[in-house]
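*Asks:* just to be clear, the model below is a prediction. Sequence and coordinates:
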Amino acid sequence: ERMPALLRAMPKAELHMHIEGSLEPEQMFAFAQRNRVPLAWPSAQAVREAYVFDNLQSFLDIYHAGTLVLKTEQDFYDMACAYLQRAQADNVTHAELFFDTQTHTGHGLSAETVVNGLHRACMDAPAQFGMTASLILCFLRHLSEAEAFECLEQVLPLGDKIVGIGLASSEVGHPPEKFARVFARAGQLGYRLVAHAGEEGPAAYIWSALDVLKVERIDHGVQAMTDAALMQRLAQDRIPLTVCPLSNLKLRVYPSLTQHSIGRMLEAGMVATINSDDPAYFGGYMNENFTQTFAALQLGSQQAYQLARNSFEASFIGAAERALQM
Ligand code: ADE
Ligand code: ZN
């Protein structure tokens, strides 16, 4: 078929993926073995069978268990390289990787171990995988403001190895306002700002991510479709939304991909993009997200072009690099 071939072949940027969510069960077992960490599952197959979720929290619990096998800088390097190789195979020419140091410092690792391993993979990406990659640190919103400040302090000595700051984990009950001061500080320090908002949480969280946290991009943002004034604001100000269709399906934000709002977002002139979120857990990398979404919503080449174009416009690539990418 013509449409899937076009979707697979077109150059695209990925702007919403958690590198810890790219850890495939086989690799989880390999790391567990080399680091002598016990796993709760007997086999990679058993791990895969455990990937059935009711909502965001049920996923976060399993995702957290998977991160326990990560111990060394080399683990983070190897995990990121495995993702970059898959991204290259999907014709991703630029990727912005989310990671959360707090998960790993909570297990006794240093922020430096995490960032240095991931950053070395990003530096090797052009030569090894024919693409560019950069890092965005997400604060965990179920933890406190003080812990986010502490996390920010820990990465300051690592300087420009991190291009941006984001906000992830359990959304409902942890509104953006909780992190107003630490985002203001991160902005002063020159970090690009993004936040997960309107995945399971209400449209009000998207408003406050914009107006209180002053983010440049919204991660997910699908709940904006319940608020016409917000849809208009996002379209007018060309605020990008990093939408993750297979994630939304697996976490039951939508009962089926045929119900997904990304087609309507594009129709409304919103700068929507397609991304994989946690590809090892949600059943697919970029091209799988594109092909399944296009089939379910019967989208065409015009939307394909718009989504690819949106992904580069929404990226944090420098202007010079961008001219080369497009
Ligand atoms: N961390 C990893 N994936 C996430 C998601 N989809 N929402 C919030 N936090 C996450
Ligand atoms: Zn996410």
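*Replies:* Here it is on my side, so go on. Numbers count the residues shown, from 1 in each chain. Ligands and ions are numbered 1, 2, ... in the order given.
*Asks:* what's the nearest residue to the residue of the chain found nearest ligand 1 if we skip its chain neighbours?
*Replies:* Ligand 1 sits closest to A168 of the chain, with a gap of 3.6 Å, by C-beta to the nearest ligand atom. The C-beta positions use only the backbone N, C-alpha and C, and glycine is treated the same way. Ranked by C-beta to C-beta, 6 or more residues apart in numbering and with sequence neighbours excluded, the top spatial neighbour of A168 is C138, at 3.9 Å.
*Asks:* isn't the one you found up against L97?
*Replies:* No - C138 is beyond contact range of L97, at 10.3 Å (criterion: C-beta atoms under 8 Å).
*Asks:* L246: what's it in contact with?
*Replies:* Listed by C-beta atoms under 8 Å, 6 or more residues apart in numbering, the contact set of L246 reads L257, S276, D277, F282, G283, G284, E288, N289, Q292, T293.
*Asks:* now it: closest residue in space, sequence neighbours ignored.
*Replies:* Per C-beta to C-beta, 6+ apart, closest to L246 is F282, 4.6 Å.
*Asks:* my read is that the one you found contacts S276, right?
*Replies:* Yes - contact criterion C-beta under 8 Å: F282 and S276 qualify, at 7.0 Å.
*Asks:* compare these two and say which is more crowded by neighbours.
*Replies:* S276 (32 against 23; other C-beta atoms under 10 Å).
*Asks:* identify the bridge partners of the residue nearest to A168.
*Replies:* Following DSSP bridges, C138 is listed with bridge partners G166.
*Asks:* one step back: so which of the contacts of L246 wins on neighbours?
*Replies:* Comparing the contacts of L246 by number of neighbours (other C-beta under 10 Å), S276 comes first, having 32 neighbours.
*Asks:* contacts only, for that residue.
*Replies:* E14, H16, M17, C244, L246, S247, F282, G284, Y285, M286, E288, N289.
*Asks:* again, only this time at 6 Å
*Replies:* S276 makes contact with M17, Y285, M286, N289, according to C-beta atoms under 6 Å, 6 or more residues apart in numbering.
*Asks:* so which of these are also by ligand 1?
*Replies:* Among the contacts of S276, no residue sits close to ligand 1 (C-beta under 6 Å from any ligand atom).
*Asks:* could I get these as a markdown table with pLDDT, secondary structure and distance to N310?
*Replies:* Formatted as a markdown table, the contacts of S276 follow (pLDDT from 0 to 100; DSSP: H, G, I helix; E, B strand; the rest coil; distance: C-beta to C-beta, whole Å):
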| residue | pLDDT | secondary structure | distance to N310 |
| --- | --- | --- | --- |
| M17 | 98 | strand | 16 |
| Y285 | 98 | coil | 18 |
| M286 | 98 | helix | 14 |
| N289 | 98 | helix | 14 |
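*Asks:* L249 is in contact with the residue nearest to L246, correct?
*Replies:* No - F282 lies out of contact with L249 (C-beta atoms under 6 Å); the separation is 7.6 Å.
*Asks:* who are the neighbours in contact with the residue nearest to Q223 when sequence neighbours are not counted?
*Replies:* Among residues not flanking Q223 along the chain, G198 sits closest, at 3.6 Å (C-beta to C-beta, 6+ apart). G198 makes contact with Y205, I206, H220, G221, Q223, A224, according to C-beta under 6 Å, 6+ apart.
*Asks:* same thing with Q292?
*Replies:* Applying C-beta under 6 Å, 6+ apart, the residues near Q292 are L257.
*Asks:* please redo it, this time with the cut-off set to 10 Å
*Replies:* P4, L7, P245, L246, L249, L257, H260, G283, G284 (C-beta atoms under 10 Å, 6 or more residues apart in numbering).
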